[in-house]
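In: Just a sequence and a predicted model for now, questions to come.
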Amino acid sequence: MKYDHILIRYGEMTLKSRNRKMFVSALRKRMNRALRGMDVHIKSNRDRAYIVINDEDAYEVIDKLKLISGILSVSPVVRIDKTEEAMQETALLFANDFDADKTFKIEVKRGDKTFHLQTHDIQHLLGGHILENTDHLTVNVRQPDHQITVEVRLDAIYMYHDSVKCLGGLPLGTGGKSLLMLSGGIDSPVAGLDIMRKGVEIEAVHFHSPPYTSPQATDKVKQLVDIMSGRTGFDIKLHIVPFTELQTTLYDRIPDNLSMTSTRRVMLRIAEKLAAKIDAEAVINGENLGQVASQTLTSMYAINEVTNLPVLRPLLTLEKNDIVNMSKRFGTYETSILPFEDCCTIFKPKSPKTKPSLEKVKHFEERVDFEPLIDRAVAGIETYTPSANKEAAAEFEELL
Ligand code: ATP
Ligand code: MG
């Protein structure tokens, strides 16, 4: 089938009547960016958008749209003149692609109320034409294997058969900005992508402790940010915090079974300072209730105490299996499972408390002046930008 358009159905934004214009233009910007380099043209209006795909392959275009938030679903469509012959010819082309012994149905959406044919006229016209000209199909209006949808609009008729579910949610850039704590594991990239699905822009922060953590561990986080940026069409900045001095101080000064709690508290204090600098209104992490010792409610209570900033945990109640599936769907899984650890095993507490007492944690922390160490860590932040990296790589290739 030779398609000429992709029909884009909007996500939740259909509900927001006042902000509609802003949402449509934000989504258009994201689609333009994701389709850069392809010979396509976007036409959008209040209710839906069409992409004119010229000679591009419809499903290659769709692949680039799948992770753009604000798109509910898409269909590759054929746009035809409003004549009976054109409709019959195109409907038959669709039907010829269906396997033998399958059933079909013609679905009509008659947006143009002045069109000379009524819904059932169109169904008879096209259903009859298909039955007369094929011998491998039958009609089933209740549970068809295939449905050919005919949308009669003012400008033309659009016909399609396939519908691909996309991410839904809201267009990026319409929901403020937040700071993602990105560890390199399976969970935090998924948490970031999930919050982006609701229109929230993110920047990421990663804590590394060289030489105890390897350069490969940091490279892996950069790779994750590259993948996430590529898939969402949004350039995610990654702030890399030198954490060695704090990590060794925590190791020396905080009892082993509370060090996990204190480490997370210090990370969060740094994240809060960084969030203020970049105007982020929340911190996001990949925590999941009960998964590990640091992720019990009591533990979250003790960690959260250092900040007033909302700490959002999009994966809080999900099953691990579902998180893994989301990670595969988003394309971050293969990188996340690379073996490089973001925390050296020597710093991993032998038996972290699942119910750390906030009082005790504070008691030990008060004996150390963390503030100057935290300030030094913040001053030493290096920022990685995926697009800048891509440009540098392109320049390098040109030199070869
Ligand atoms: P993940 O799969 O995201 O690593 P996890 O199940 O391994 O999560 P933890 O390693 O205990 O759980 O981390 C919980 C959350 O704390 C992570 O999801 C991440 O948001 C944050 N975090 C942990 N380590 C780091 C780090 N080195 N840099 C930035 N954020 C971190
Ligand atoms: Mg982890």
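Out: Great, that's in hand. Ligands and ions are numbered 1, 2, ... in the order given.

In: got the residues of the stretch 201-350 of the chain near ligand 2?
Out: For the stretch 201-350 of the chain, the contact set with ligand 2 under Cβ under 5 Å from the ion is empty. No exception for glycine: its C-beta is placed from N, CA and C like everyone else's.

In: now the strands for the stretch 201-350 of the chain?
Out: Remark: strands assigned in the stretch 201-350 of the chain by DSSP state E, counting those that start in this stretch are 201-208, 238-242, 283-284, 311-312.

In: can you give me the helices in the stretch 1-150 of the chain?
Out: Using DSSP state H, counting those that start in this stretch, the helices of the stretch 1-150 of the chain run over 20-34, 58-65, 84-96, 119-133.

In: just to revisit the earlier point, would you list the strands of the stretch 201-350 of the chain in CSV and tack on mean neighbour count?
Out: Converted to CSV, those look like this (neighbours: other Cβ atoms under 10 Å):
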stretch, mean neighbour count
strand 201-208, 24
strand 238-242, 20
strand 283-284, 25
strand 311-312, 19
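
In: Mean pLDDT and distance to Leu92 for the ones you listed - can I get that in a markdown table?
Out: Listed next are these as a markdown table, based on pLDDT from 0 to 100; distance: least, Cβ to Cβ, whole Å:
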| stretch | mean pLDDT | distance to Leu92 |
| --- | --- | --- |
| strand 201-208 | 97 | 47 |
| strand 238-242 | 98 | 52 |
| strand 283-284 | 98 | 51 |
| strand 311-312 | 97 | 52 |
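
In: wait, which of these is closest to ligand 1?
Out: With Cβ to the nearest ligand atom as the criterion, ligand 1 lies closest to strand 201-208 of the strands of the stretch 201-350 of the chain, at 4.0 Å.

In: Spell out whether the closest one and ligand 1 are in contact.
Out: Yes. Judged by Cβ under 6 Å from any ligand atom, strand 201-208 and ligand 1 are in contact via Val205, His206, Phe207.

In: what angle do that strand and strand 238-242 make?
Out: 20 degrees (axes from the mean of the first three to the mean of the last three Cα atoms, to 10 degrees).

In: Same question for the lengthiest helix in the chain: list its buried residues.
Out: Longest helix in the chain by number of residues (criterion: DSSP state H): helix 256-278. Neighbour counts over helix 256-278 (16 or more other Cβ atoms under 10 Å) mark 257-272, 274-275 as buried.

In: what separates that helix from the chain centre, distance-wise?
Out: From the chain centre to the centre of helix 256-278 is a distance of 26 Å (Cα atoms, centre = their mean, to the nearest Å).

In: Find the nearest non-adjacent residue to Thr263, please.
Out: Leu250 (5.4 Å; Cβ to Cβ, 6 or more residues apart in numbering).

In: quick one on the thing from earlier: can you redo the strands of the stretch 201-350 of the chain as a markdown table with distance to Ile106?
Out: Listed next are the strands of the stretch 201-350 of the chain as a markdown table, based on distance: least, Cβ to Cβ, whole Å:
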| stretch | distance to Ile106 |
| --- | --- |
| strand 201-208 | 43 |
| strand 238-242 | 51 |
| strand 283-284 | 46 |
| strand 311-312 | 46 |
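
In: Any idea which of those gets closest to Gln216?
Out: Closest approach to Gln216 among the strands of the stretch 201-350 of the chain is made by strand 201-208 (10.9 Å; Cβ to Cβ).

In: Partner strands of the closest one and their direction?
Out: According to DSSP bridges, strand 201-208 forms sheet pairs with strand 177-181 (parallel), strand 238-242 (parallel).

In: close to ligand 1, is the first one?
Out: To tie it back to what came earlier, the one meant is strand 177-181. Yes. Under the criterion of Cβ under 6 Å from any ligand atom, strand 177-181 makes contact with ligand 1 via Met181.

In: what angle separates that strand from helix 256-278?
Out: Using the same axes, to 10 degrees: strand 177-181 against helix 256-278 is 150 degrees.

In: per-residue confidence averaged over the very next helix or strand once past strand 177-181?
Out: Proceeding N to C from strand 177-181, the next assigned helix or strand is helix 187-196, under DSSP states H and E. Taken as a whole, helix 187-196 has a mean pLDDT of 96.

In: CA atoms only: put helix 187-196 into CSV for me.
Out: The C-alpha coordinates for helix 187-196 follow below in CSV (Å, rounded to 0.1, in the frame of the first residue of the first chain):
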residue,chain,number,x,y,z
ASP,A,187,14.8,2.2,36.8
SER,A,188,15.8,5.9,36.7
PRO,A,189,15.8,6.3,32.8
VAL,A,190,12.3,4.8,32.8
ALA,A,191,11.2,7.2,35.6
GLY,A,192,12.6,10.1,33.5
LEU,A,193,10.9,9.1,30.4
ASP,A,194,7.6,8.5,32.2
ILE,A,195,7.6,12.0,33.7
MET,A,196,8.5,13.4,30.2
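
In: which bits of the stretch 151-300 of the chain sit near ligand 1?
Out: Contact residues, the stretch 151-300 of the chain versus ligand 1 (Cβ under 6 Å from any ligand atom): 181-183, 185-188, 205-207, 285-287, 291-292, 294.

In: circling back: can you redo the strands paired with strand 201-208 as JSON lines with distance to Ile53?
Out: Shown next, in JSON lines, are those (distance: least, Cβ to Cβ, whole Å):
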{"stretch": "strand 177-181", "distance to Ile53": "33"}
{"stretch": "strand 238-242", "distance to Ile53": "33"}
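
In: domains of the chain?
Out: Per the record, the chain has its domains at 5-165, 177-394, by automatic domain parsing.

In: so which of those domains is the most packed in?
Out: Counting by mean count of other Cβ atoms under 10 Å, domain 177-394 has the highest mean neighbour count of the domains of the chain, with a mean of 18.

In: Tell me the gap between that one and the middle of its chain.
Out: 18 Å.

In: Now for this structure, the helix or strand with the poorest mean pLDDT.
Out: helix 386-399 (a mean of 66; mean pLDDT, DSSP states H and E).
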